[in-house]
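Novice: sequence and predicted model, in that order:
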Amino acid sequence: MNSLFVIVEGKTEQEFVTHVLRPHLVTHDVWATPIGVTTKRDPKTGEKLKQGGGQWSQWLKDIKRSLRSKEPGLRVTSMFDFYGLPHDFPQGDGSVAKLDPVDRVESLERAMGDAVDDRRFIPYLQRHEFESLVLGGLDHLREQLPDEDARVGLDALRGEIEGMNPEDVNDGKATAPSKRLCRHVPGYNKALHGTLVTQRVGVDELKRTCKRFGAWVEKLEALGDATS
């Protein structure tokens, strides 16, 4: 079975990889292990003291550190949110700001690949953030939040994004997927409900609903056929 390290920003994404993505990829002979980016280490022992958030320079260190592993058939990928990228991110100087959002994400992924410079690295940015996947499963979120206020809020959210693909819900400070969820559904808890909802939806349905996410997962599925 080939090994895949998924470098992620936070705990929710770690839970998603462990409980949603890994069981799916196992059926393709790929074992996915989430690695939360390290933002603080003990200067003497190197022990991780803090994970999550941080700057690109810290993310890059973890990506390159992971690529030094001797795991069989190793590949490394990322699952970072396009929304709220750190200022030191490659091309974070605004040079891609005028591009179409899809082209912008693809350009930033290429810049990530250039910065890492290792064919075993598969750069991926979630457009626009993890909560895009949750928007693809609002019916399942309703099951987790059955009270009347949540029902009303979910109906309002559904009406607000009607006709939009979850990955097209934009990255404005008040209109990003997470901002919409928190505004309409105050009971939404990313760490708790994010994994529960995406588990209920399932990777195959998420692939159909979120095409860009689906294309990334298909690349990961194909690693089961890789030999080097």
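Specialist: Alright, I've got the coordinates. Numbering: from 1, shown residues only.
Novice: how's this structure carved up into domains?
Specialist: Using automatic domain parsing, the domain parsing of the chain gives 2-129+202-225, 131-201.
Novice: may I see those organised as JSON lines, with mean pLDDT and mean neighbour count added?
Specialist: For glycine as for every other residue, the C-beta is placed from the backbone atoms N, C-alpha and C. Shown next, in JSON lines, are the domains of the chain (pLDDT from 0 to 100; neighbours: other CB atoms under 10 Å):
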{"stretch": "domain 2-129+202-225", "mean pLDDT": "90", "mean neighbour count": "17"}
{"stretch": "domain 131-201", "mean pLDDT": "93", "mean neighbour count": "17"}
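Novice: what segments of this structure are helices?
Specialist: Secondary structure of the chain (DSSP state H): helices at 11-16, 22-26, 56-67, 101-116, 131-135, 138-144, 148-160, 177-184, 190-201, 203-209, 211-222.
Novice: so which elements touch the longest one?
Specialist: Read it as helix 101-116. helix 56-67, strand 125-126 (3 or more CB pairs under 8 Å, 6 or more residues apart in numbering; DSSP states H and E).
Novice: what angle do the first one and helix 101-116 make?
Specialist: Which is helix 56-67. Angle of helix 56-67 versus helix 101-116, following axes from the mean of the first three to the mean of the last three CA atoms, to 10 degrees, is 60 degrees.
Novice: what does helix 56-67 contact?
Specialist: Defining contact as CB atoms under 8 Å, 6 or more residues apart in numbering, one finds that helix 56-67 is touched by 5, 7, 35, 37-39, 74, 76, 78, 80, 85-86, 88-90, 92, 115-116, 118, 120-121.
Novice: nearest to the spatial middle of this structure, which residue is it?
Specialist: M79 (3.7 Å; CA atoms, centre = their mean).
Novice: that concludes my questions; thank you for your assistance.
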